[in-house]
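Novice: Make a model of this:
(one chain, ligands or ions: 1)
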Amino acid sequence: MTTTDITTGTAARRPGAGAPRPRLECKLAADDADLAYHHAIRRSVFVLEQHVFARSDHDIRDDDAATMRIVGYADGEPAGTVRLYPLDPGEPTGDWQGDRLAVLLPFRSTLLGLPLVRAAVSAAAARGGSRMIAHVQPANRTFFRRLGWTQIGEPEVYLGLPHLLMEIDLVAARAAAAARTVTG
Ligand SMILES: CC(C)(COP(=O)(O)OP(=O)(O)OC[C@H]1O[C@@H](n2cnc3c(N)ncnc32)[C@H](O)[C@@H]1OP(=O)(O)O)[C@@H](O)C(=O)NCCC(=O)NCCS
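Specialist: Residues are numbered from 1 along each chain as shown. As a prediction, the model looks like this:
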């Protein structure tokens, strides 16, 4: 296990080239410890690394009971996270938004981002959502396209920075999950 400082995202030891890929696991945040990991990772990436937010990336969605968080673990160590919620908190069968997708720097390109996004899509689909949207940083456009997301409209300014609005069909995601269950 690496000894990553979750508050800064720095690691005493980065996995070397050719090192075995870590065991990845994504779980819904279920207790206060998971929630603390979720917020610490967000702070490390969006406040300290990217300076998208000056002090805190906390917003009203964090206080909403309908909001869900997923924490990704690499070899058991909290390494990434994502948040999701129905845009209308009282209507889980409508549009959902995924945001605050973040993987700590020492764990980038370990393919943890992929299962985090897939887990968010699965969770929203399982709760009956019809569509998930995300405001995506342009650097991540290909990453999302490879996961089946489509850009909608023109580039936008979101949180004061260039973004692309992207979407994925949750009805299709639900059908694909059901087909996988049937075929085993
Ligand atoms: C965006 C982010 C979460 C991706 O996380 P990650 O763990 O580095 O991503 P992954 O390792 O799962 O995937 C990225 C790699 O897989 C490749 N990839 C993407 N989709 C793939 C797919 N379906 N199959 C195989 N490979 C794929 C990408 O080309 C990329 O390759 P490289 O980085 O090795 O060149 C991470 O870069 C991050 O936290 N960035 C800073 C915060 C941020 O930008 N958040 C998102 C805001 S929109």
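Novice: Where do the strands of this structure begin and end?
Specialist: Under the criterion DSSP state E, the chain contains strands at 4-5, 10-11, 24-28, 68-74, 77-86, 95-103, 131-136, 150-151, 156-158, 161-169.
Novice: Pairing partners for the last one, with directions?
Specialist: In this case it means strand 161-169. Strand 161-169 has the following strand partners under DSSP bridges: strand 131-136 (antiparallel), strand 150-151 (antiparallel), strand 156-158 (antiparallel).
Novice: tell me the most buried of these?
Specialist: Neighbour counts averaged per stretch over the strands paired with strand 161-169 are highest for strand 131-136, at a mean of 20; criterion: mean count of other C-beta atoms under 10 Å. C-beta here means a position set from N, CA and C on the backbone, and glycine is covered the same way.
Novice: now it and strand 95-103, what's the angle there?
Specialist: For strand 131-136 against strand 95-103, the angle by axes from the mean of the first three to the mean of the last three C-alpha atoms, to 10 degrees is 40 degrees.
Novice: Could you work out the end-to-end span of stretch 152-172 for me?
Specialist: From its first residue to its last, stretch 152-172 covers 17 Å (C-alpha to C-alpha, to the nearest Å).
Novice: so how many other residues sit close to the spatially closest residue to Ala134 that is not a sequence neighbour?
Specialist: Closest residue to Ala134 apart from its sequence neighbours, by C-beta to C-beta, 6 or more residues apart in numbering: Gly98 at 4.8 Å. Gly98 has 27 neighbouring residues, counting by other C-beta atoms under 10 Å.
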